[in-house]
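K.L.:
structure for the following, please:
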Amino acid sequence: MAAGQLSISDQPPHTVRLLKIVDESVPAQAPSITTNIPAQAGIGESIPLSAHAAEDSVPALTYTWDFGDGVTATGTNTVHAWTHGGKFMVQITVEGVDGVSYHTSSTVNVTGTVTIPAPERYTPKP
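P.N.:
As a prediction, this is how the structure comes out:
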C-alpha cells in the first residue's frame, strides 16, 4: 500500500466504524475568541456578556465564565448581575477542539447603591 493510503478490510456487514485521522504536522491551537465584557456595571443591573470564536479559527467546544464573585456560567452568551460594588475580574476559558484552551480576563467596575425598602409595620390580627 502506498504512503497516505488507508485500507480497512474484513469488516462484518452492517457495521458502523468511526475513524479519526490526526495530521500531526499541524500544531494544536487555541480558538481565536472575541469577547464583549463591559468595563462598568451598576449593582443589581443585568449585564449581557458574550464570547464567540472567529469563523476561520479552531472550533470552540465549551465556554466557561467566572464573574469574580463566586458565580460561574457556561455558554457563548450569558447575563450577570453583581450584588455589591467593587472591582471584579471576569474570566472566560474556552476549550478548543484541539484540546488547547483560550483564557482571557477583564475587570468590571461595579458601582451604585441598593435601596432596601423599610419593612412594613406589622399589626397582629385579633
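K.L.:
bridging residues for the residue sitting nearest the centre point of the chain?
P.N.:
Taking Cα atoms, centre = their mean, the centroid of the chain lies closest to Tyr63, which sits 2.3 Å from it. In this entry, Tyr63 is beta-bridged to Val94, by DSSP bridges.
K.L.:
hmm, Ser101 and it touching each other?
P.N.:
No - Tyr63 lies out of contact with Ser101 (Cβ atoms under 8 Å); the separation is 10.7 Å. Every residue, glycine included, has its C-beta placed from N, CA and C.
K.L.:
between these two, which contacts overlap?
P.N.:
Common neighbours of Tyr63 and Ser101, using Cβ atoms under 8 Å, 6 or more residues apart in numbering, are 93-94.
K.L.:
any stretches of this protein with poor pLDDT?
P.N.:
Along the chain, the model assigns pLDDT under 70 to residues 1-4.
K.L.:
that's all I had, so thanks and see you.
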